[in-house]
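Novice: my questions concern the predicted model and sequence given below.
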Amino acid sequence: MGPAVTLTSTFTTATIFDIHLLQGQICSELTPRDLRRCCLVSRDFYHYFVPYLYRDITIARKATYNKFYRPEALVALERNRDHVLSVNCVFAKLWKILLDHRCFNLRVLKSPSLPYRLQNREENKLELHNIIALMRSCPLLRVVELGHFFYMKGDIEAFCSVMRNHDQLREVKIDHHEYVSCQKVRRFLWSSTKLHRLSLNIVMTYNSQQFTSEGMQSLIALSGQEDPVFAMKELDLRGRMHDHEIDVCFLFLRRCPNLERLTSPSMYTSKMIHELASIISSTMPYLQHLDMRHLCVPADTMALLLSACQNLRSYKNNRCQELTPALFAALWNHQDTLKELNIARDDNEDDTDEDDDVNYAEKTWTMKEVLPRVLYEQVAKLTALEKLGPGRVRRLISANPVVVADMLSSGNDMDVEA
């Protein structure tokens with residue numbers, strides 16, 4: 001017989017926290033208060049829950065902000081600095097604390113301003129240099145949101161330099177409701193070569209000087225390329241721009257071939273719409289989402305933009321003053337791809353029901369749902385409705401929406417026999 005073989009078995013104990021996916025799922029459902037209470041249960045629980053407690057820091061109240069100045073809070077922040085991934089604080093003085101404690105593992109940095117407290121915005125402006133320094137020190141930073149723009153020339157130059165040189169920064173949003181000089185906005189736009197998402201909610205000051213070729217060359221030099229092409233996929237320029245600044249914006253849009261979502265700035269002439277439609281049809285084959293809520297132009301002119309898009313999935317325009325066959329035909333051409341439609345008319349119209357506007361704005365409609373409904377609202381005003389009856393009118397609209405829109409454009413009652 002051979003030698004004896006001894007078998008031994010080892011048993012190990014494991015908890016659900018040893019499974020990373022389960023731990024993350026559990027902690028994602030807990031509030032910061034729940035996570036803090038879990039950290040107080042035992043040392044093991046503290047080890048498991050404290051990374052998630054410090055992962056996302058949101059401060060919207062002064063009382064919460066004051067707690068960060070306590071010695072025990074600063075010690076805990078120093079100990080868990082590598083766990084801090086996202087910070088959202090309306091008090092910009094916090095960024096100095098994060099700099100001092102070397103919280104350089106940030107992915108998301110949000111510094112909004114309180115909309116109805118001017119003092120808060122003015123205080124936050126004084127901390128812009130700390131925000132820029134923190135952006136430089138966080139190599140993994142991807143998202144930056146600010147509630148204020150840059151007033152000092154040194155701050156805008158430093159911020160633009162960070163945008164151009166940062167390898168991971170992909171999204172910048174600035175929500176600023178005050179006036180900003182057009183020169184700063186130009187340099188800001190042309191420094192966003194690597195960004196995928198850019199949102200600027202601003203009001204540009206008027207500049208009587210025309211944009212020259214020398215100015216264009218200086219902007220191109222910011223990108224470091226002779227013929228720069230931007231990686232932008234989502235662009236939100238909902239602010240108000242003047243006529244000659246729109247031309248500079250168009251030069252920027254021509255260099256964004258990968259754009260998928262566009263929110264247009266305010267435009268007041270049909271010539272601008274024609275130029276934008278030409279840019280979309282020639283350089284934006286991937287554009288799928290179009291937000292024109294800040295435009296106030298005739299419906300037939302707006303139809304040019306819709307015809308320029310190839311695979312439109314959502315369209316928004318709540319300043320549609322009239323419903324024309326050209327607009328409906330352009331929308332109907334996208335019936336296979338269009339999933340979200342908001343063409344609620346202006347609230348100032350006397351014949352518009354406020355409840356209908358709310359429904360269009362808050363709900364998602366498909367083309368086959370919303371187009372017959374809008375047409376029915378127009379047909380309901382005609383005396384022909386009494387002859388046809390509601391049921392027949394709805395079936396007629398559902399079968400031939402564009403034909404019905406053409407009938408409505410004449411301004412007369414529908415031909416019942418037709």
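Specialist: Arrived safely.
Novice: low-confidence regions, the stretch 301-418 of the chain specifically.
Specialist: Applying pLDDT under 70 to the stretch 301-418 of the chain flags the ranges 319-324, 344-418.
Novice: give me that answer again for 50
Specialist: 346-365, 383-385, 411-418 (pLDDT under 50).
Novice: now for the longest strand belonging to the chain, which elements pack on it?
Specialist: If you go by DSSP state E, the chain has its longest strand at strand 171-180. Where contact means 3 or more C-beta pairs under 8 Å, 6 or more residues apart in numbering; DSSP states H and E, strand 171-180 is packed against strand 143-146, strand 197-204. From N, CA and C alone the C-beta is placed, and that goes for glycine too.
Novice: just the C-alphas of the first one, formatted as PDB.
Specialist: The one in question is strand 143-146. What follows is strand 143-146, C-alpha atoms only, in PDB (Å, rounded to 0.1, in the frame of the first residue of the first chain):
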ATOM      1  CA  VAL A 143     -16.100  67.700 -14.900                       C
ATOM      2  CA  VAL A 144     -16.000  71.300 -13.900                       C
ATOM      3  CA  GLU A 145     -19.100  73.400 -13.200                       C
ATOM      4  CA  LEU A 146     -19.000  77.100 -12.100                       C
END
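Novice: what lies in contact with that strand?
Specialist: By C-beta atoms under 8 Å, 6 or more residues apart in numbering, the residues outside strand 143-146 that reach it are 107-112, 131, 135, 169-176.
Novice: same thing with stretch 70-79?
Specialist: The contact list for stretch 70-79 (C-beta under 8 Å, 6+ apart) reads 54, 67-68, 84, 97, 101, 103.
Novice: how far does that stretch sit from the chain's center?
Specialist: Centroid separation for stretch 70-79 versus its chain: 35 Å, with C-alpha atoms, centre = their mean, to the nearest Å.
Novice: tell me the buried residues in it?
Specialist: Going by neighbour count (16 or more other C-beta atoms under 10 Å), the buried part of stretch 70-79 is 76-77.
Novice: out of the contacts of strand 143-146, who's the most crowded?
Specialist: Ile131 (25 neighbours; other C-beta atoms under 10 Å).
Novice: settle this for me: that residue is touching Ser111, isn't it.
Specialist: Yes: using C-beta atoms under 8 Å, Ile131 makes contact with Ser111 at a distance of 6.1 Å.
Novice: any shared contact partners between the two?
Specialist: With C-beta under 8 Å, 6+ apart, Ile131 and Ser111 have common neighbours 92, 95, 146.
Novice: on that earlier part again, and after the longest strand of the chain, which helix or strand comes next?
Specialist: helix 182-189 (DSSP states H and E).
Novice: that following helix vs strand 171-180, what angle?
Specialist: Per axes from the mean of the first three to the mean of the last three C-alpha atoms, to 10 degrees, the angle that helix 182-189 makes with strand 171-180 is 180 degrees.
Novice: which helices and strands does helix 182-189 pack with?
Specialist: helix 153-165, strand 197-204, helix 213-223, helix 243-253.
Novice: go again with 10 Å.
Specialist: Applying 3 or more C-beta pairs under 10 Å, 6 or more residues apart in numbering; DSSP states H and E, one finds that helix 182-189 makes contact with helix 153-165, strand 171-180, strand 197-204, helix 213-223, helix 243-253.
Novice: now the helices for the stretch 251-400 of the chain?
Specialist: Assigned by DSSP state H, counting those that start in this stretch, the stretch 251-400 of the chain shows helices spanning 270-283, 299-308, 325-332, 354-362, 367-379, 384-388, 390-399.
Novice: of the helices and strands packed on strand 171-180, which shows the lowest average pLDDT?
Specialist: Sorting the helices and strands packed on strand 171-180 by mean pLDDT places strand 197-204 lowest, at a mean of 86.
Novice: what residues sit buried inside that one?
Specialist: Within strand 197-204, judged by 16+ other C-beta under 10 Å, the buried ones are 197-202, 204.
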